[in-house]
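J.: The following block contains a protein sequence and its predicted model.
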Amino acid sequence: MKLLLVEDEPVLRHTLVDSLRQGGYVVEVAASFAQAYEKIKLYQYDCVLVDLTLPDGDGLDLVRTLKSDGSPAGVLVLTARDGLDDRVQGLDLGADDYLVKPFHLSELNARLRALLRRRQFQGRHYLVFRDLLVWPELAEVYVSGEPLTLTRKEYDLLLYFLANPGRLLTKEAVAEHLCGDQVDAADSFDFIYTHMKNLRKKLQEKGADGYIRTIYGVGYKLNTD
């Protein structure tokens, strides 16, 4: 899953980035309101973690922007403000959850997992699609009861399709999801074709053929027909 962390305190920011990346997330960072505003206008995220007190603006305005733009991203507010009014205002604006500093990393990860389950998987701990069974929190995949071994990128790719059944995903969207903002420096999308080829081959070897359709010249789609 692709996250944007909006946090101006360097030590906390580095700690959170390390923890989240170790958890398997693609994490992009914004240290100011201006950086965060630019990123949410340019890129799509599964979840945005927002500090309210930023040196050049109020994080609540970022929540307003996300909601007014119709962003599907979940919003988790991280802040030292513990007043009831701030919590109520953030939730009323559309934030999904609110975590007051200081907090334990284990609590952050638990709330993040719960938020993503609610947002993308209807609150379920597992996903079922045809012969596929996926446990996102364990990063385990089974085909007809048999375990399927995937690389991290192959797994992220499969989960991205399962979270968007029947939706056309452009090559650009897939690349951005796998690599984050670093995709802007890529010379080509050849790496997508490699991951896609390997994922399809592994699925086919387990008898799960034809799950992902290629829309030539555009992108890919999870075949729900």
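T.: Perfect, thanks for sending it.
J.: check contacts around Asp190.
T.: Contacts for Asp190 (CB atoms under 8 Å, 6 or more residues apart in numbering) come out as none. For every residue, glycine as well, the C-beta is placed using N, CA and C.
J.: so how far is Glu137 from it?
T.: In this view, Asp190 and Glu137 are 32 Å apart by CB to CB, to the nearest Å.
J.: Does Leu66 touch Ile40 like I think?
T.: Yes. Between Leu66 and Ile40 a contact is recorded at 5.9 Å, counting by CB atoms under 8 Å.
J.: Who has more neighbours out of these two?
T.: Leu66 (24 against 21; other CB atoms under 10 Å).
J.: Helix or strand: which one has that one?
T.: Using DSSP states H and E, Leu66 maps to helix 59-68.
J.: tell me what that helix is packed against?
T.: With contacts taken as 3 or more CB pairs under 8 Å, 6 or more residues apart in numbering; DSSP states H and E, helix 59-68 sits against helix 33-42, strand 47-51, strand 74-79, helix 84-93.
J.: relative orientation of it and helix 33-42 in degrees?
T.: Here the directions of helix 59-68 and helix 33-42 differ by 10 degrees (axes from the mean of the first three to the mean of the last three CA atoms, to 10 degrees).
J.: quick one: which of the helices and strands packed on helix 59-68 is nearest Gln120?
T.: Gln120 lies closest to strand 74-79 among the helices and strands packed on helix 59-68, at 8.4 Å (CB to CB).
J.: residues making contact with stretch 26-36?
T.: With contact meaning CB under 8 Å, 6+ apart, stretch 26-36 is reached by 1-8, 10, 13, 17, 20-21, 38-39, 43, 45, 48, 50, 54-59, 61-62, 156, 177-181.
J.: now do 7 Å
T.: Outside stretch 26-36, the residues within contact range by CB atoms under 7 Å, 6 or more residues apart in numbering are 2-6, 8, 13, 17, 20-21, 39, 54-57, 62, 180-181.
J.: How about stretch 117-127?
T.: 74, 133-137, 162-163.
J.: so what sits against both of Leu66 and Ile40?
T.: By the contact definition CB under 7 Å, 6+ apart, Leu66 and Ile40 are jointly contacted by Val48.
J.: Would you check that His195 makes contact with Tyr155?
T.: No. Using CB atoms under 7 Å, His195 makes no contact with Tyr155, being 10.1 Å away.
J.: can you pull the buried residues of stretch 2-19?
T.: 2-8, 13, 16-17 (16 or more other CB atoms under 10 Å).
J.: swap in stretch 58-71?
T.: For stretch 58-71, by 16+ other CB under 10 Å, it's 59-63, 66, 71.
J.: Need the contact partners of the helix or strand of the chain with the lowest mean pLDDT.
T.: The helix or strand of the chain with the lowest confidence, counting by mean pLDDT, DSSP states H and E, is helix 84-93 at a mean of 76. Applying CB under 7 Å, 6+ apart, the contact partners of helix 84-93 are 52, 60, 63-64, 67, 77, 98.
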